[in-house]
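build me a model:
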Amino acid sequence: MRLADLDTPTLILDRRRLQANIARISARAHALGVELRPHMKTAKCAEVARLATEGHSGGITVSTLKEAEYFSEHGFNDITYAVGIAPAKLARVAALQARGARVSVITDNVKVAREIGARARALDARFEVMIEVDTGDGRAGVGFESDEVTAIGQALHEAPGVALRGILTHAGQTYGCQGVDGIAAVAEAERAGAVHAAERLRTAGLPCQVVSVGSTPAATHARNLEGVSELRAGVYVFQDVFQAEIGSCALSDIAVSVLATVTGHHPERGEIVIDAGGLALSKDRSTASAPRDVGYGLVVDSGCGDTLPEMHVARVSQEHGIVKAASGALPFDRLKPGTRVRILPNHACFTAAAYDGYHVVDGATDDVIDTWARVNGW
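As a prediction, the model looks like this:
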């Protein structure tokens, strides 16, 4: 099969770029002396997970229980479910564990900690739990200096059928940084806050085996992870335009793209129309706050090689993408209706979520060498 044989829009994965991205962060984890527990929320694909865990323990991170079930079915049985656990979902966790998986869950709430204990008794199960702490992101987690850290730890430690594993945090604020030094500073604040929370647990006589941190920018630019046991990151396997804009990668590292077809010309407006709209690309506008706003993604040639002259998807409706050029001059002769282009996504996680799988290529070639399925839903 060749790219020309595919219906558009469709999702393309460059295995060569994927492997290079994985090797880069794997080497970083080894150099920093921490275990790598890749977050599979971006790829949601067993083939990618096998590549990402090579040379490491085999543990992974997920963002949904459907992911956890899928990856367990594919032989991954050391899983951290890194979203605050809703007690009603613990029956699914218990079922996974009954099939041989080790699943760690997280919480930042004393009441939920106690409810986990109650559910463990009711389900005749044993749950491993980490405390989520906030080290500046402001999304979830209890403040790393709060008394709630030890209160939650005590509630978990005292509950029959519950094991306190440690501390987990996510420095999502690295996504707001512009420049390597800023990212490194946030990564250090994340490390220091997580280690401080862990030390407070240990001082209170509570177990804390795991200290887990991570985001792709922090994994790329952290300078010291002393006191940390594991690093989680996810989008690094694919990278995207936003990561390139904040300095986590180069545009040439982006491994995933959307193959689209030119469907119309509007020279009077300086616009080209493609058949990839909001559903195919997502409506993520993360680059709006980056040094360069590229709308809904950068337009490159069908071989994903040359970036066409500052072309980007400027606006989308459900199935239409409107392409413009920063200079105003579009290559209408080069991009005739029927021509294939590729779109490098703003946010790979959101874009990939629209598709059931990947058409895999190996470098700048028209040959599709494989198809890899992915899991979606919750």
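
any low-confidence regions in this structure?
Scanning the chain for pLDDT under 70 picks out the ranges 304-309.

what helices and strands are in contact with the longest helix seen in it?
When the chain is parsed with DSSP state H, its longest helix is helix 180-203. Helix 180-203 is packed against strand 127-134, helix 148-158, strand 162-168, strand 210-213, helix 216-221, with contacts defined by 3 or more C-beta pairs under 8 Å, 6 or more residues apart in numbering; DSSP states H and E. Where C-beta positions appear, they are placed from N, C-alpha and C, glycine not excepted.

let's see that with 6 Å instead.
The helices and strands touching helix 180-203, judged by 3 or more C-beta pairs under 6 Å, 6 or more residues apart in numbering; DSSP states H and E, are helix 148-158, strand 162-168, strand 210-213, helix 216-221.

let's have the ones you listed in TSV, adding distance to residue 123 and mean neighbour count.
TSV is the format used below for those (distance: least, C-beta to C-beta, whole Å; neighbours: other C-beta atoms under 10 Å):
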stretch	distance to residue 123	mean neighbour count
helix 148-158	16	21
strand 162-168	12	24
strand 210-213	23	25
helix 216-221	35	27
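
nearest to residue 289, out of those?
Closest approach to residue 289 among the helices and strands packed on helix 180-203 is made by helix 216-221 (14.1 Å; C-beta to C-beta).

show me what the helix or strand following that closest one is in contact with.
Where DSSP states H and E defines the elements, the next helix or strand beyond helix 216-221 is strand 230-231. Outside of strand 230-231, the residues that reach it under the criterion C-beta atoms under 6 Å, 6 or more residues apart in numbering are 29, 34-37, 212, 214, 219.

which strands or helices does the helix or strand just after strand 230-231 pack on?
Using DSSP H and E, the next helix or strand after strand 230-231 towards the C-terminus is helix 241-246. Helix 241-246 makes packing contacts with no helix or strand when contacts are defined by 3+ C-beta pairs under 6 Å, 6+ apart.

ok, back up a step: and the longest helix of the chain with strand 162-168, angle?
150 degrees (axes from the mean of the first three to the mean of the last three C-alpha atoms, to 10 degrees).

closest one to residue 262 out of the contacts of strand 230-231, please.
For the contacts of strand 230-231, the nearest to residue 262 is residue 219 (37.0 Å; C-beta to C-beta).

could you measure the residue lying closest to that closest one once chain neighbours are set aside against residue 30, distance?
Spatially, and ignoring its direct neighbours in sequence, residue 219 is nearest to residue 233 (4.0 Å; C-beta to C-beta, 6 or more residues apart in numbering). Taking C-beta to C-beta, to the nearest Å as the measure, residue 233 falls 14 Å from residue 30.

which of these two has more neighbours?
Shown here are residue 233 and residue 30; by other C-beta atoms under 10 Å, residue 233 has more neighbours (26 against 13).

pull the contacting residues for the more buried one.
Residues near residue 233 by C-beta under 6 Å, 6+ apart: 214-216, 219.
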